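Asker: model this:
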Amino acid sequence: MAIKDELDDELKAAMRTHDRNRTDVVRQISTEVARAVKAPGFTGEADDALYRKTIASYAKKMGKALAEYERLGDRGAEAAAKLKFEVEYLARWLPKAVAEEEVAVFVDAAVQALGAADMQAMGQVMGYLMKHHPGLDGSVVSRLVKARLSEN
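Answerer: Predicted coordinates for the structure are as follows:
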């Protein structure tokens, strides 16, 4: 079943059960996808790849906001709980996280394949990795690439 169809079914079920949190997050994803489709330069259609990219982007933003609300303690507890639900709820449509050890193997292979010898090649290595391994956490990849290229 396509992600759009799953989300439509989820929205209907959430509305039937008056689940406000699920209704809000599904509607927000639909809004984000609509924005992406209407964005200048977008060509194509709203397929599963666009939905996954949009969900990943939204979940990442909400994850960052969650960390901020958690730092506020009791003042941000209610908002943090809502954001935590959203991030956990959307996780089913996200690719499984790759272990850091596996990312390190990808980094080593990319450095060897490109013949990267110093930090000046960091952008090239990052681009190669993100193109060939979509779904990797960019911050983890960046940290490992820096460490690997600093060794040389």
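Asker: residue 89 reaches residue 22, doesn't it?
Answerer: Yes: with contact defined as CB atoms under 8 Å, residue 89 and residue 22 form a contacting pair (6.7 Å). Glycine gets a C-beta too; all of them are placed from N, C-alpha and C.
Asker: once you drop chain neighbours, what's closest to the residue most central in space within the chain?
Answerer: Within the chain, one residue has its C-alpha closest to the average C-alpha position: by CA atoms, centre = their mean, that is residue 56, at 2.8 Å. Leaving aside its chain neighbours, residue 56 sits nearest to residue 94 (5.7 Å; criterion: CB to CB, 6 or more residues apart in numbering).
Asker: OK, contacts around the spatially closest residue to residue 83 that is not a sequence neighbour?
Answerer: Closest residue to residue 83 in three dimensions, ignoring its sequence neighbours and counting by CB to CB, 6+ apart: residue 66, at 4.2 Å. Applying CB atoms under 8 Å, 6 or more residues apart in numbering to residue 66 gives the contacts 80, 83, 84, 87.
Asker: in helices, which of these fall?
Answerer: When DSSP state H defines the helices, the subset of the contacts of residue 66 inside them is 80, 83, 84, 87.
Asker: circling back: tell me the confidence at the residue nearest to residue 83?
Answerer: Reading off the confidence values, residue 66 has pLDDT 93.
Asker: okay if I get the ones in helices among the contacts of residue 66 as a markdown table plus neighbour count, distance to residue 141 and pLDDT?
Answerer: What follows is the ones in helices among the contacts of residue 66, written out as a markdown table (neighbours: other CB atoms under 10 Å; distance: CB to CB, whole Å; pLDDT from 0 to 100):
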| residue | neighbour count | distance to residue 141 | pLDDT |
| --- | --- | --- | --- |
| 80 | 20 | 27 | 92 |
| 83 | 23 | 25 | 94 |
| 84 | 15 | 25 | 95 |
| 87 | 19 | 21 | 93 |
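Asker: any idea which helix is longest in the protein?
Answerer: Here the longest helix in the chain is taken by residue count, with DSSP H as the criterion, and it is helix 48-71.
Asker: for residue 33, give its distance to residue 121.
Answerer: Residue 33 is 36 Å from residue 121, where distance means CB to CB, to the nearest Å.
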